[in-house]
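Asker: Just to be clear, the model below is a prediction. Sequence and coordinates:
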Amino acid sequence: MTTRTPRTTRSCPCGLPEAYEACCGRFHSGAAATPTAERLMRSRYCAFVRQDAGYLMRTWHPRTRPERIDLDPRMRWTGLEILDTADGSAFHSTGTVTFRASYRGGSLHERSRFERVDGAWAYVDGDFLD
């Protein structure tokens, strides 16, 4: 299943058609919790786009979270394509999301694993593909 949504200048960087504030912005601010592993994946991609290291750290599983994250301010992310999801809904405690994140000069293809921690989705780790 491939979902790719055309982006407009007002749409969220995660690829969904809503404006940032109504989409990933509410997760980044803490006003809402991500309901699925896929939405967490999208919100984390958006956090990379926006250089929001705090959100990335808060949504990283405590078991695998690094002590710090250094984001490259020169990195320009250009799009996200969700290729597959398995589990990760409100009825699951784990899930995987396979995606391709494009950036100027290339792309990152990964299958990410997510688990719930105290009811909230958290990124555990991933396998690079290709």
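Answerer: Everything's here; your move. Residues are numbered from 1 along each chain as shown.
Asker: which stretches of this protein have low pLDDT?
Answerer: Flagging of the chain using pLDDT under 70 yields the residue ranges 1-9.
Asker: repeat that with 50
Answerer: Residues of the chain that meet the criterion pLDDT under 50 lie in 2-8.
Asker: Leaving out chain neighbours, which residue sits closest to the residue most central in space within it?
Answerer: The geometric centre of the chain, computed from its C-alpha atoms, lies nearest to residue 41 (C-alpha atoms, centre = their mean), at 2.4 Å. Excluding its sequence neighbours, the residue lying closest to residue 41 (C-beta to C-beta, 6 or more residues apart in numbering) is residue 97, at 4.3 Å. Heads up, the C-betas are built off the backbone N, CA and C, glycines and all.
Asker: Return the list of strands paired to whichever strand or helix holds that neighbour, each annotated with direction.
Answerer: Residue 97 is part of strand 94-103 when elements are defined by DSSP states H and E. Here strand 94-103 has these sheet partners by DSSP bridges: strand 77-87 (antiparallel), strand 106-117 (antiparallel).
Asker: Give me the buried positions along that strand.
Answerer: Across strand 94-103, burial judged by 16 or more other C-beta atoms under 10 Å covers 95-101.
Asker: Stretch 74-87 now?
Answerer: 77, 79-83, 85.
Asker: would JSON lines of those residues with distance to residue 37 be doable?
Answerer: Listed next are those as JSON lines, based on distance: C-beta to C-beta, whole Å:
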{"residue": "77", "distance to residue 37": "20"}
{"residue": "79", "distance to residue 37": "20"}
{"residue": "80", "distance to residue 37": "14"}
{"residue": "81", "distance to residue 37": "16"}
{"residue": "82", "distance to residue 37": "11"}
{"residue": "83", "distance to residue 37": "14"}
{"residue": "85", "distance to residue 37": "7"}
